[in-house]
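> below is the sequence, then the predicted model.
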Amino acid sequence: MPSTDFEREKAEFRDYYGANIKRIEDAKDSYIALLTALVARNKSVEISKIEGRVKDREECIRKFNLKYRENLEKEKKQYAIKEYISDLIGIRIVCLYEDDIEKIRGIIEQHFSVLDITDRIAAIESTESHFGYKGLHLDVKLGPPRSTAEEYQDYANLAFEIQVRTIVQDSWSVLDHKIKYKKAIPNHLKRRINTLAALFELADREFKLIHEATLHEIEMAETEETDALGPPQPQQAPRRTTTPSPLNAFGLLRIAQHFFPNFVFEPHKVDSLTADIMKISPSLSRRDLNAFVRDNIVAVKEYQAEFERENPDDTLTPYVAIRHCLYKQDRTAFRDALTNVARERFDDWLERRSAIKPSNPGAQ
């Protein structure tokens with residue numbers, strides 16, 4: 001039963017905590033698994049991590065003592081400490097970009113009953129001179145139909161807190177909590193803290209803008225025409241004359257995925273290949289690369305099949321196949337696209353192939 005006796009309520013809370021800690025830990029793990037599955041369904045949201053913790057027993061008591069006890073006792077209102085600890089279970093969702101926060105909020109509101117929302121982002125952005133930790137906090141319970149599902153019955157009524165923040169906001173929060181006695185420190189140190197907080201906020205904004213620009217580049221690459229596999233046919237209509245787009249990693253990836261649709265390309269390897277190609281031929285355009293791969297891919301795939309038959313423990317990856325296409329297109333300009341050994345082996349194969357297949361200007 002609630003009372004106005006703090007010592008009694010501390011003892012009651014400690015007993016409750018000790019008797020229920022296993023159930024609370026299980027609830028935390030279940031909530032993390034559920035949120036991970038729900039967020040993963042939304043392919044437009046990029047997550048860094050989802051993690052959780054159960055608040056320490058004595059930390060809960062200290063929080064109640066600092067935040068609620070004085071007012072409750074002034075009002076002579078009875079209380080039970082556990083009813084005031086909404087973040088006994090805390091789940092943190094760390095995303096990459098600020099615009100992901102609202103998407104995650106939508107997912108949470110769709111699948112959970114929201115008890116309270118603390119929007120630190122809106123609070124800080126509504127002021128002109130204040131900077132600090134930004135993030136979205138939601139106190140929630142399981143919503144229907146999970147709140148009545150058998151697998152969740154042991155903790156269906158356990159409220160918990162979800163914190164949603166970006167990587168930058170998460171980093172600032174960690175640092176901010178390390179700066180003690182912020183209300184009592186000298187003004188010149190407060191100004192330095194505010195300056196640092198403003199830099200973090202600027203970084204978050206720039207990451208968002210860079211992300212948007214990246215998506216635009218990808219969209220542009222996807223709207224540009226990519227030729228079908230194999231050499232151009234004589235009956236093809238002439239192309240519209242447009243300014244060729246400079247080659248970049250997005251354009252290269254689009255071309256690579258077109259000619260190797262079943263291969264999973266790794267971003268850092270695409271970046272590396274693009275940099276190598278642009279180092280060899282800085283003026284190469286996306287259209288050039290597309291044409292060079294299109295016109296030489298049939299021959300290179302023939303070479304790949306023979307190479308892998310003779311070397312069963314080795315593979316000619318699409319990254320290397322594209323290098324071979326460039327080298328076959330212009331053996332002088334793209335000499336450095338291949339290593340000496342790879343170049344000599346490919347040259348030997350091309351000579352043997354040309355001896356078998358008479359030269360035909362209309363085909364490769």
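Happy to help now that I have it.
> now do the strands in the stretch 201-350 of the chain.
Read by DSSP state E, counting those that start in this stretch, the stretch 201-350 of the chain holds no strands at all.
> output the below-cut-off pLDDT ranges for it.
218, 220-244 (pLDDT under 70).
> burial measure for Cys95, as a count.
Neighbourhood size, Cys95 [other C-beta atoms under 10 Å]: 23. No exception for glycine: its C-beta is placed from N, CA and C like everyone else's.
> what do you get for Tyr155?
The local packing of Tyr155 (other C-beta under 10 Å) involves 19 other residues.
> isn't Trp117 up against Gly135?
For residue 117 the amino acid is Ile, not Trp. No: between Ile117 and Gly135 there is no contact under C-beta atoms under 8 Å: 11.6 Å.
> so between the two, which is more surrounded?
Using other C-beta under 10 Å as the criterion, Ile117 and Gly135 rank with Gly135 on top: 21 against 14.
> element containing the closest residue to that one other than its chain neighbours?
Leaving aside its chain neighbours, Gly135 sits nearest to Arg165 (3.7 Å; criterion: C-beta to C-beta, 6 or more residues apart in numbering). Element membership of Arg165 [criterion: DSSP states H and E] is strand 160-166.
> contact partners of that strand?
If you take C-beta atoms under 8 Å, 6 or more residues apart in numbering as the criterion, strand 160-166 is touched by 27-28, 31, 35, 86-98, 100-101, 104-105, 108, 112, 134-141, 173, 204, 207.
> what's the domain layout of this structure?
Residue ranges for the domains of the chain, per automatic domain parsing: 6-209, 249-356.
> figure out which of the ones you listed is closest to Glu219.
domain 249-356 (9.0 Å; C-beta to C-beta).
> other SSEs contacting the helix or strand containing Ala11?
In this assignment (DSSP H and E), Ala11 forms part of helix 6-41. On a contact count with 3 or more C-beta pairs under 8 Å, 6 or more residues apart in numbering; DSSP states H and E, helix 6-41 meets strand 47-54, helix 57-64, strand 89-95, helix 98-111, strand 160-166.
> circling back to that earlier point, the strand holding Arg165 pairs with which strands, parallel or anti?
The strands beside strand 160-166 in its sheet (DSSP bridges) come out as strand 89-95 (parallel), strand 136-142 (antiparallel).
> kindly state the beta-bridge partners for the residue nearest to Gly135.
Val94.
> if I look at it, how far off is Ser48?
Separation of Arg165 from Ser48 (C-beta to C-beta, to the nearest Å) stands at 10 Å.
> more neighbours, these two?
Comparing Arg165 with Ser48 by other C-beta under 10 Å, the one with more neighbours is Arg165, at 26 against 14.
> now that one: how far from Gly106?
Distance, Arg165 to Gly106, using C-beta to C-beta: 16 Å.
> for Glu161, same thing?
According to C-beta to C-beta, Glu161 stands 18 Å off from Gly106.
> many thanks, I have nothing further to ask.
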